[in-house]
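Participant: coords please:
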Amino acid sequence: MVKQPLINQLAVLSDQRTCAILDQDGTLNWYCPRRFDEAAVFSLLVDDQAGGFWAVAAPGKRFRQREFVAGSSVLQTTFFVAGGTLTLTDWLPLNGAFQGLVRTMAPAPVNVTFTLRLRPEYGQRADQATPVADTSAVFQHTGLWLYASHPLVWHGQDVSVTVPAGEAGWAFLSEAEKQPTAATLHTSRLATEAAWQQLGGAFQYEGLYEREVLNSVRAIQQVTYAETGGVLAAATIALPEVIGDERNYDYRYVWMRDLALITGALSTLDIAGKQEFRFLDFVAAALHKNQQDCVTPLYRVDHSLVKDMQELKLSGYWGSQPVLIGNTASGQRQLDAEANVLIAAHILYTKYGEQPHWATIAQIADYICRSWDKKDNGIWEEGVLHHYTSSKVFAALGLELVADYNPDPAEAARWRHNAGLIREFVATRCLTKTGAYASYAGSEEVDVSAALFALWSYTEPDAPAMLATIQELEARYCREQLYWRRLEEYDSQKEGAFLAGSCWMAHYYAVAGNLPKSQAILDAVARFQNDLGYFSEEADVDKGLLLGNFAQSFVHSSFVCAANGLTKAHAGIDTRVRPRSATPVA
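Facilitator: Predicted coordinates:
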């Protein structure tokens, strides 16, 4: 009997077009053929009755261990079975002759049965399979083909393959009519391993939390759409921030804020050269394709706009409803999205001494000058409009940082002038009565996003407003070395600890010189990285559970930055984002 897994147990397989997600029981419970944001054919993860799956059964089967082969995205899982062990290898072929989902197994001492239930449209409809031969069939609605090493057997709408004891076996859910053999699949596996090793070799890190950092880099690469360079916020939909509550979203899109922060994180590790420039390529292409003068908060992986949202009639993850596809944040105004593009551009321009897509950067800076004094939805995409302090701070920083690259002195002066106006607004309207940075103008609350103000050199780590903010965060939003964010429309204390914000606090303490505190926070965060190195968005500290969509690239990039920041701080190196004149070219 298949069941919905703990988020802690999940793993990602990827071909940088789409991904599949499986658990420690070897059950594939999420798969969108052909593209990350297409409709899922396995969706057990969001409906334990209607959702499709691909399970593995054997007498006495129980999980032993799993690992990615040689740093690749080829996953090998070992189970105890009656009389010995079963080793299962799963992957999505990368840059090879096949596209689809491959499952192979070494000879085991017992019969092993693979059972596939393919349910298109997120489990909302069935797909009739037509047998083609004893070991192959085609699914009419999706156009997917199933090939296997042993005969297919139908049980209603389910199809199974049983591999006899002592024999090796395989099954391949293909996107096209393309008959494999054991030999061609083995070649596919070797090619996929080599391709992933090459991808991983583009980034190098030596320091604290080395294994965890490199796992985070792989997780980011697994949710990267290779064709455009867009990085998804996460691979899933509707995994709840609060079990049984309504805070369930579709994260299979490219958020401008997240992509900018990820770009900044990877720029500290990139040794292959200029891969991060794909971020600017994505921004420029999105603006051109949609004829925009500013970026929207999120896009599909092909640069198109996310225009609607739909509720699916599904039971949800552990009963958490609604289950939604699409995202209403696409229509919001988030000033920090534009601002983060400018900050990331500064990081890349400084590192490489080049200024690609300058016209796009100038266009965004001009938009910020025209728009900074308007209310927005803020970094947490609130439904209520405010003058959020983080939005203002990031806007001022973005203008100041890119003004240094502007060849037109008059235009650069205008950008700096607007940055000055924003700073005056923050200083006069965005401080609490205790002198801390307010969540928004007029509020007496603080938010963990303020940790970034010091990391990006808006202010010094020991400035009075910064110290007052940190004191408030420690007193009201910290537990067991982890931190909660502040939300206007929801009691954030009902959520789990916010892992990205916890990483920001660890990085803050590193640049502030409190290295033991920084490491204590990162140790606490690392406890919620699962056995393969994945984070989701939040953590239930009391139950030890991961919460929210998976795998969360925003958290992974924040962890990379914090670990690198602490490592560099031990060596006396300041990792804050600095103005051009204060930042050496890497």
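Participant: okay, CA-based contacts and neighbour counts for the rest of this
Facilitator: Will do.
Participant: ok, the residue lying closest to residue 309 once chain neighbours are set aside - how many residues close by?
Facilitator: Using CA to CA, 6 or more residues apart in numbering and skipping the chain neighbours, the partner closest in space to residue 309 is residue 326 (4.2 Å). Residue crowding around residue 326 was assessed by other CA atoms under 10 Å; the count is 20.
Participant: cool, and residue 171?
Facilitator: The burial count assigned to residue 171 is 25, neighbours taken as other CA under 10 Å.
Participant: Which secondary structure elements does the helix or strand bottoming out on mean pLDDT in the chain sit against?
Facilitator: Taking mean pLDDT, DSSP states H and E as the measure, the helices and strands of the chain show their lowest mean at helix 256-267, namely a mean of 88. Of the remaining helices and strands, those touching helix 256-267 by 3 or more CA pairs under 8 Å, 6 or more residues apart in numbering; DSSP states H and E are helix 277-290, helix 335-352, helix 553-570.
Participant: Not counting it itself, show me its contacts.
Facilitator: 203, 217, 230-231, 233, 276, 279, 295-298, 336-338, 340-341, 343-344, 347-348, 553-554, 557-558, 560-561 (CA atoms under 8 Å, 6 or more residues apart in numbering).
Participant: And that helix, what's buried?
Facilitator: Within helix 256-267, the residues that qualify as buried are 256-267, counting by 16 or more other CA atoms under 10 Å.
Participant: now it against helix 553-570, angle please.
Facilitator: Orientation check (axes from the mean of the first three to the mean of the last three CA atoms, to 10 degrees): helix 256-267 against helix 553-570 gives 40 degrees.
Participant: Use 45 as the first number from now on
Facilitator: From this message on, residue numbering opens at 45, which makes the last subject helix 300-311.
Participant: what angle sits between helix 300-311 and helix 379-396?
Facilitator: Orientation note: helix 300-311 sits at an angle of 20 degrees relative to helix 379-396 (the same axes, to 10 degrees).
Participant: angle of helix 300-311 against helix 321-334?
Facilitator: Here the directions of helix 300-311 and helix 321-334 differ by 160 degrees (the same axes, to 10 degrees).
Participant: Give me the distance between residue 572 and residue 586.
Facilitator: From residue 572 over to residue 586 the distance is 12 Å, taken as CA to CA, to the nearest Å.
Participant: Between the two, which has more neighbouring residues?
Facilitator: A side-by-side neighbour count of residue 572 and residue 586, using other CA under 10 Å, places residue 572 first with 21 against 7.
Participant: what sits against the more buried one?
Facilitator: Here residue 572 is in contact with 579, 583, 588-590 (CA under 8 Å, 6+ apart).
Participant: can you check residue 253 too?
Facilitator: Residues near residue 253 by CA under 8 Å, 6+ apart: residue 607.
Participant: Flag every buried residue along the strand or helix carrying residue 470.
Facilitator: Residue 470 belongs to helix 453-473 when assigned by DSSP states H and E. By neighbour count with 16+ other CA under 10 Å, helix 453-473 contains the buried residues 456, 459-467, 469-470, 473.
Participant: continuing past that helix, what's the next helix or strand?
Facilitator: Read in the C-terminal direction, the helix or strand following helix 453-473 is helix 495-499, with elements assigned using DSSP H and E.
Participant: name the helices or strands packed onto that following helix?
Facilitator: Counting contacts by 3+ CA pairs under 8 Å, 6+ apart, helix 495-499 packs against helix 543-556.
Participant: the inter-axis angle of the helix it packs on versus helix 597-614?
Facilitator: Computed by the same axes, to 10 degrees, the angle separating helix 543-556 from helix 597-614 equals 20 degrees.
Participant: Which elements pack onto helix 543-556?
Facilitator: With 3+ CA pairs under 8 Å, 6+ apart as the test, helix 543-556 has helix 495-499, strand 526-527, helix 559-570, strand 580-584, helix 597-614 packed against it.
Participant: tell me the mean pLDDT over it?
Facilitator: Predicted confidence along helix 543-556 averages 98 (mean pLDDT).
Participant: Report the inter-axis angle for it versus strand 580-584.
Facilitator: Inter-element angle recorded for helix 543-556 and strand 580-584: 90 degrees (by the same axes, to 10 degrees).
Participant: any residues touching helix 543-556, and which ones?
Facilitator: Taking contacts as CA under 8 Å, 6+ apart, the residues outside helix 543-556 that touch it are 492-493, 495-496, 498-499, 505-506, 525-529, 559, 561-563, 565-566, 569, 581-583, 598-600, 602-603, 605-607, 609-610, 613, 618-620.
Participant: Just the CA trace of that helix, in CSV.
Facilitator: Extracted as CSV, the C-alpha positions of helix 543-556 are listed here (Å, rounded to 0.1, in the frame of the first residue of the first chain):
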residue,chain,number,x,y,z
LEU,A,543,15.4,28.4,6.9
ALA,A,544,16.6,31.0,4.4
GLY,A,545,16.3,33.7,7.0
SER,A,546,18.1,31.6,9.5
CYS,A,547,21.0,31.4,7.0
TRP,A,548,21.0,35.2,6.6
MET,A,549,21.3,35.5,10.4
ALA,A,550,24.2,33.1,10.4
HIS,A,551,25.9,35.1,7.7
TYR,A,552,25.2,38.4,9.6
TYR,A,553,26.9,37.1,12.7
ALA,A,554,29.9,35.9,10.6
VAL,A,555,30.5,39.4,9.1
ALA,A,556,29.8,41.0,12.5
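Participant: now it, how far from the centre of its chain.
Facilitator: Its chain's C-alpha centre lies 19 Å from the corresponding centre of helix 543-556 when counted by CA atoms, centre = their mean, to the nearest Å.
Participant: Repeat that for stretch 504-514.
Facilitator: A distance of 30 Å separates the C-alpha centroid of stretch 504-514 from that of its chain, computed with CA atoms, centre = their mean.
Participant: follow-up on the earlier one: hang on, the residue nearest to residue 353 packs against residue 344?
Facilitator: No: with contact defined as CA atoms under 8 Å, residue 370 and residue 344 do not form a contacting pair (9.7 Å).
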